[in-house]
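S.K.: sequence? don't have it. structure:
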């Protein structure tokens, strides 16, 4: 200061200083102002914090919990820092189809955004893990998840049933089981029915189950076996003759399916067995016949037909005539026989006593011979002299002589006369 020669007043002028204000954050959001700012001492600066996605504002470094503050500048450079905290999000887990198939990690509390959580699906007996949610590519039972900013995240574990072998069989009799031997889903409902073959009926299952149809829920084992027993049914085979006038049939019975029965017949004389029928079907042509009892009640009918017999025709004396030829003929049939006498003969009767000609002959139940009886015709022979005064003859009466028979006639001349000749060509004595 220079020397003064009078009173002098010196006035000092001051102004507020400026200081640096640095606003920071922990990296999980933004603050305003965002850069270092020079601000005047004791001025008020509005500072606010904006959280990033997944976070919320927590506090300032001085403990203030309001996200917006009015900061009064101090007399030095200052730093003011905002702190954020992660939001909590709900993570839900469930099992498709219910807890009977398996379990999955449960979260009792909401989880912080950005944290890593482990979620594990554990199958129960009879099941295996398949996939998560609807994503068939997520096939690992344990997944690692970083919590996202979603209000509620759901993880659904899908399990699939394991397959277990079920064996079915027929241990007695004949038939089938509706469920074939194979592998089936655990706990699946299977209907197992015993189906007897024709002629059989359900008896029981080997494990004692008494109804032909049963339900089995597949268990977690490979030795489930269901074998069934069938037993034969009994049926009646009624054996009849088509006509008792033709023959009898025997051998019918009530017996178990498949039992061999011996069927036989006793034809009436004149008939012979032809075949066995059931309905319109011919089942056999032999007698006796072995017939296995079918799977139903049946009537077996024996059929007969007229037997053939040889009818031989003959004449009593060869040359006296002819008769209709004979041959094989059916029993009971009518054949017409005609006897034709030769010249000089006449028909008398048949060997059966009938004198009818032609004869309608009914064929008997045996080979027969029927003979036509002929006899010579008979003729009257009478000797007569041309003049009784000239001679006589012996015998003097008419003679009856059979055809080709002989008679002796003697011409006796009286005295004074001699025999000349006969009016017929005769041998003379």
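M.R.: Yep, that arrived. What you see is a predicted model, and the numbers here were worked out from it, not measured in a lab.
S.K.: can we go C-alpha only for contacts and neighbour counts from here?
M.R.: Will do.
S.K.: how about low-confidence regions in this protein?
M.R.: Applying pLDDT under 70 to the chain flags residues 1-4, 396, 424-429.
S.K.: go with 80
M.R.: Low-confidence regions of the chain, defined by pLDDT under 80, span residues 1-8, 10, 35, 380-388, 391-401, 403-409, 411, 418, 421-429.
S.K.: And the helices in it?
M.R.: Assignment of helices within the chain using DSSP state H yields no ranges at all.
S.K.: contacts for stretch 216-230?
M.R.: For stretch 216-230, contacts defined as Cα atoms under 8 Å, 6 or more residues apart in numbering pick out 125-126, 164-175, 177, 184-192, 194, 196, 200-207.
S.K.: Let's see which of those residues end up in strands.
M.R.: Judged by DSSP state E, strands contain the following of these: 164-172, 175, 177, 184-185, 189-192, 194, 196, 200-205.
S.K.: Please check those and keep the buried ones.
M.R.: For the ones in strands among the contacts of stretch 216-230, a burial check counting by 16 or more other Cα atoms under 10 Å picks out 164-170, 175, 177, 184-185, 190, 192, 194, 196, 200-205.
S.K.: what's stretch 344-355 in contact with?
M.R.: So stretch 344-355 is contacted by 320-321, 339-341, 356, 370-377, 403 (Cα under 8 Å, 6+ apart).
S.K.: ok, which pair from those is furthest apart?
M.R.: Using Cα to Cα, the two most remote members of the contacts of stretch 344-355 are 370 and 403, lying 24.8 Å apart.
S.K.: Tell me which of the two has more neighbours.
M.R.: residue 370 (19 against 14; other Cα atoms under 10 Å).
S.K.: I figured the more buried one hits residue 316, correct?
M.R.: No. Using Cα atoms under 8 Å, residue 370 makes no contact with residue 316, being 9.8 Å away.
S.K.: ok so, going back, out of the contacts of stretch 344-355, which are inside strands?
M.R.: 321, 339-341, 370-376.
S.K.: So what would you say the end-to-end distance of stretch 317-335 is?
M.R.: In stretch 317-335, first residue to last residue: 23 Å (Cα to Cα, to the nearest Å).
S.K.: sorry, that was for stretch 246-256
M.R.: First-to-last residue span, stretch 246-256, Cα to Cα: 31 Å.
S.K.: What of stretch 142-160?
M.R.: Start-to-end, stretch 142-160 (Cα to Cα) is 16 Å.
S.K.: May I see the buried residues of it?
M.R.: Neighbour counts over stretch 142-160 (16+ other Cα under 10 Å) mark 142, 147-149, 155-160 as buried.
S.K.: and which of these is nearest to residue 285?
M.R.: Nearest to residue 285 among those is residue 160, at 64.1 Å by Cα to Cα.
S.K.: Quick check: end-to-end length of stretch 13-33?
M.R.: 31 Å.
S.K.: Not counting its own residues, what contacts it?
M.R.: Contacts for stretch 13-33 (Cα under 8 Å, 6+ apart): 34-41, 47-52, 55, 73-85.
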